[in-house]
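J.: no FASTA, just this:
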């Protein structure tokens, strides 16, 4: 029988059972008080993933099912999506109004690719042994302790460096997206009142609404179907005006593309970057900057460039000559362009009046050096006239 001695209890391991025998207190909290704190929580989380499963509780012994080994550098790689797992555990605790208060690698076990959070003696919940939350001792202040989140302690750096950065990111992303959704169009952020311009392409954020007239899903489906039908190369993608990453993440998900998103709005770029970190999308990166300036400065080439409802902003914020210079550069640095912008007949507030209709847009793309131009999707944006999504072929040598 294996044994491990802790500050307040001794653990005995026998086959698939662990006996936790309480022998010591912590300050003025007796071993029995800590035992009762722990056993109450285990009773509440029976049958839930990510938690120890109680077999029997009779002071001073807690009898639980074996939940695995301590998380270490040599076994964390076996865990499937550790960030989302531990985030789900903590969100379950939050729904039960429990604050663990000691989330560190030393309190996480791994077995069969699954994580289990242990050690609830110092957890805070209504009716627990502590008078108030601040009275309870803790190692690492959990993400639900206060608005400030984690303490700047060694435990924070340890868990961040190891695998747990997602604990902070999920809350940070949600907070930022909530701000987008609640504040409306403000300080240059690309948002509509109560919604984001682009949807968030992950189920965890499916409750965040995008503008009902922004047909991102339909546009992406049209692009995806065109790529699959024509067997277009899609290993590398440049997403100009990437917003919070809908098209960038969608390309990576469906085609395993390496994607670079360029976004001028700092707030949206930060949300996109946090999403990439949270979902460990290492091949999707984002940079903050002016899309036109990026194109003119870069020497990179891409299989695909997405310029979807971004050109009109470049046209308005720069000269027509400089925008055409950028378009000519695009024709040389990509093999395939998906292009959409507002022209005069679209009757949009973002209209490029110099481009009066569909035919003038096609001629504009030809002047830039693109060939084999064809419309692949039409959308009725903002209940106005049609806006057309084009495919255009760039330099085949790239």
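T.: Happy to help now that I have it. Computed from a prediction, not measured in an experiment: that's the story for all the values here.
J.: Sketch out the helices for the stretch 251-398 of the chain, chain order is fine.
T.: 266-278, 291-297, 311-317, 320-333, 358-368 (DSSP state H, counting those that start in this stretch).
J.: looking at the ones you listed, which is buried most?
T.: helix 266-278 (a mean of 22; mean count of other CB atoms under 10 Å). C-beta: built from backbone N, CA, C; applies to glycine.
J.: so where's the stretch 101-250 of the chain shaky on pLDDT?
T.: The stretch 101-250 of the chain contains residues with pLDDT under 70 at 104-105, 131-197, 204-215.
J.: just the stretch 251-398 of the chain next, same as before
T.: In the stretch 251-398 of the chain, residues with pLDDT under 70: 343-354, 380-386, 396-398.
J.: one step back: I'd like the helices of the stretch 251-398 of the chain laid out as JSON lines, including distance to residue 24.
T.: Shown next, in JSON lines, are the helices of the stretch 251-398 of the chain (distance: least, CB to CB, whole Å):
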{"stretch": "helix 266-278", "distance to residue 24": "39"}
{"stretch": "helix 291-297", "distance to residue 24": "61"}
{"stretch": "helix 311-317", "distance to residue 24": "65"}
{"stretch": "helix 320-333", "distance to residue 24": "67"}
{"stretch": "helix 358-368", "distance to residue 24": "76"}
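J.: so which of those gets nearest residue 38?
T.: helix 266-278 (30.5 Å; CB to CB).
J.: and residue 62, helix, strand or coil?
T.: Secondary structure state of residue 62, per DSSP: H, G, I helix; E, B strand; the rest coil, is strand.
J.: Pull the contacting residues for it.
T.: By CB atoms under 8 Å, 6 or more residues apart in numbering, the contact set of residue 62 is 19, 20, 22, 35, 38, 39, 42, 54, 56.
J.: Now, those that are in strands?
T.: Among the contacts of residue 62, the members falling in strands (DSSP state E) are 19, 20, 22, 54, 56.
J.: Quick check: the gap between the second one and residue 65.
T.: Computed as CB to CB, to the nearest Å, the residue 20 to residue 65 distance reads 12 Å.
J.: Mind checking which of these two has more residues around it?
T.: Per other CB atoms under 10 Å, whichever of residue 20 and residue 65 has more neighbours is residue 20, with 24 against 13.
J.: For that one, which non-adjacent residue is closest in space?
T.: residue 62 (4.1 Å; CB to CB, 6 or more residues apart in numbering).
J.: got the contact list for residue 247?
T.: Contact analysis of residue 247 by CB under 8 Å, 6+ apart lists 198, 216, 220, 239, 306, 308.
J.: same question but for residue 249, I mixed them up
T.: 201, 202, 259, 275, 276, 279, 281, 284.
J.: Who's the closest spatial neighbour of residue 337, skipping the chain neighbours?
T.: Leaving aside its sequence neighbours, residue 337 sits nearest to residue 392 (CB to CB, 6+ apart; 4.4 Å).
J.: At the geometric centre of this protein, which residue do we find?
T.: Relative to the mean C-alpha position of the chain, the nearest C-alpha, by CA atoms, centre = their mean, is the one of residue 275, at 2.2 Å.
J.: is it true that that residue touches residue 243?
T.: No - when contacts are counted by CB atoms under 8 Å, residue 275 is not listed as touching residue 243 (11.3 Å).
J.: Show me the domain layout of the protein.
T.: In the assignment given by automatic domain parsing, the structural domains of the chain cover 2-164, 195-393.
J.: Determine which stretch of those domains is the most buried.
T.: The stretch of those with the highest mean neighbour count (mean count of other CB under 10 Å) is domain 195-393, at a mean of 19.
J.: Sheet partners, orientation included, of the longest strand anywhere in the chain?
T.: For the chain, the strand with the greatest residue count under DSSP E is strand 371-380. Take DSSP bridges as the rule and strand 371-380 pairs in its sheet with strand 386-393 (antiparallel).
J.: Taking helix 320-333 as reference, get the angle to the strand it pairs with.
T.: 50 degrees (axes from the mean of the first three to the mean of the last three CA atoms, to 10 degrees).
J.: Which parts of the stretch 1-150 of the chain are helices?
T.: Applying DSSP H, counting those that start in this stretch to the stretch 1-150 of the chain gives helices spanning 31-44, 82-95.
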